[in-house]
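[1] Provide a 3D model corresponding to the input given below.
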Amino acid sequence: MRDVAALADAVRAADSVVALTGAGLSRASGVPTFRGEGGLYEEFDESAFALRRFRANPDAFWRDWLALHEHFFDESVAPNAAHDALATLEARGHLDAVLTQNVDGLHVAAGSDSVVHLHGTGSTATCRNCGDVVDVETANAVVADTDAAPTCDCGGVYKPDTVLFGERLPPVALAEARDRAATADVLLAAGSSLTVDPAASLPATTRREGGRVAVVNLEPTRYEDAADVTLRDPVEDVLPTVVDAL
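    Predicted structure coming up:
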């Protein structure tokens, strides 16, 4: 509780606070993490979701994507207490933005308004030729019916708007995230293993510019010793407690 109180005090005193969230934040919602015990990559080969495979064999890519999507985006999945707490912090003026590595859309569903999707979104797909955007469920239905990749009227192939292996992060989102990290008095990393760069380097940006870093994650991260506050407790327990303390 001492560290929760310290985190609440830091947030209260800060002019600018941002949250960096990862897969661990959605674990309590029933969304599997990617790595680690019970992670999606115990069931799926991560190389199946590489950009070069999409380009080389979009039909096979989309068949695997459909299987992953059905496993990952269960209709019963809803925001948990951690998502709700971050939305509450924003609504009360304590949080400027959520920088998320997640593609599940749960921050928006919880009511967060300022969300930077560093790894894209799982809710839409875009034609690589003309830029037309469709709901991913529409694209998935084509795959389910035809066993082939969804194609646009222009002849281009749709790609899910998630960042694939070998694909750069959306430049506008990354630039905004870096700017917010650089100007934050406090960066709260919640539910992220902080292993995948460039998102994982954002806490270092905050520290370099004189801000403070808090990490809430069940497993140790590379910022274990450098963070100002570290809590190895479930985010769905810690973040509502921070809201109460404020």
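
[2] can you give me the strands for the protein?
    In the chain, the strands defined using DSSP state E lie at 17-21, 97-100, 115-117, 120-127, 133-135, 158-162, 186-190, 212-216, 229-231.

[3] can you redo those as a markdown table with distance to Asp147?
    Where you see a C-beta, it was placed from the backbone N, CA and C, and this is true even at glycine. Shown next, in a markdown table, are those (distance: least, CB to CB, whole Å):
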| stretch | distance to Asp147 |
| --- | --- |
| strand 17-21 | 35 |
| strand 97-100 | 32 |
| strand 115-117 | 29 |
| strand 120-127 | 17 |
| strand 133-135 | 18 |
| strand 158-162 | 15 |
| strand 186-190 | 39 |
| strand 212-216 | 43 |
| strand 229-231 | 47 |
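
[4] need those in CSV with mean neighbour count and distance to Val4, can you?
    Listed next are the strands of the chain as CSV, based on neighbours: other CB atoms under 10 Å; distance: least, CB to CB, whole Å:
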stretch, mean neighbour count, distance to Val4
strand 17-21, 28, 15
strand 97-100, 27, 19
strand 115-117, 22, 24
strand 120-127, 20, 31
strand 133-135, 12, 40
strand 158-162, 22, 33
strand 186-190, 27, 12
strand 212-216, 25, 9
strand 229-231, 21, 7
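
[5] Including mean pLDDT and distance to Ala56, could the ones you listed go into CSV?
    As requested, the strands of the chain are exported to CSV (pLDDT from 0 to 100; distance: least, CB to CB, whole Å):
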stretch, mean pLDDT, distance to Ala56
strand 17-21, 98, 32
strand 97-100, 98, 29
strand 115-117, 97, 26
strand 120-127, 92, 18
strand 133-135, 95, 23
strand 158-162, 96, 13
strand 186-190, 97, 35
strand 212-216, 96, 38
strand 229-231, 93, 43
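
[6] Give me the neighbour count for Ala204.
    17 (other CB atoms under 10 Å).

[7] give the contact list for it.
    For Ala204, the contact set (CB atoms under 8 Å, 6 or more residues apart in numbering) comprises Tyr223, Ala226.

[8] go again using 10 Å as the cut-off
    Going by CB atoms under 10 Å, 6 or more residues apart in numbering, Ala204 touches Ala181, Leu187, Leu194, Asp197, Val213, Arg222, Tyr223, Ala226.

[9] Assess the claim that the second one and Arg208 are in contact.
    This points to Leu187. No: counting by CB atoms under 10 Å, Leu187 sits too far from Arg208 to count as a contact (11.2 Å).

[10] shared neighbours, these two?
    Residues touching both Leu187 and Arg208 by CB under 10 Å, 6+ apart: Ala181.

[11] any chance you could map the helices in the chain?
    2-13, 51-56, 58-72, 81-91, 106-110, 136-146, 171-183, 202-208, 235-245 (DSSP state H).

[12] For Gly156, which of the ones you listed is the nearest?
    Comparison of the helices of the chain against Gly156 by CB to CB identifies helix 58-72 as nearest, at 10.3 Å.

[13] For that closest one, name the packing helices and strands.
    Counting by 3 or more CB pairs under 10 Å, 6 or more residues apart in numbering; DSSP states H and E, the packing neighbours recorded for helix 58-72 are helix 51-56, strand 120-127, helix 136-146, strand 158-162.

[14] in it, what counts as buried?
    Buried positions in helix 58-72, judged by neighbour count with 16 or more other CB atoms under 10 Å: Pro58, Phe61, Trp62, Arg63, Asp64, Trp65, Leu66, Leu68, His69, Phe72.

[15] any idea how far the lowest-mean-pLDDT helix or strand in the chain is from the chain center?
    Lowest on mean pLDDT, DSSP states H and E among the helices and strands of the chain sits helix 58-72, with a mean of 87. Centre-to-centre, helix 58-72 and its host chain are 19 Å apart (CA atoms, centre = their mean, to the nearest Å).
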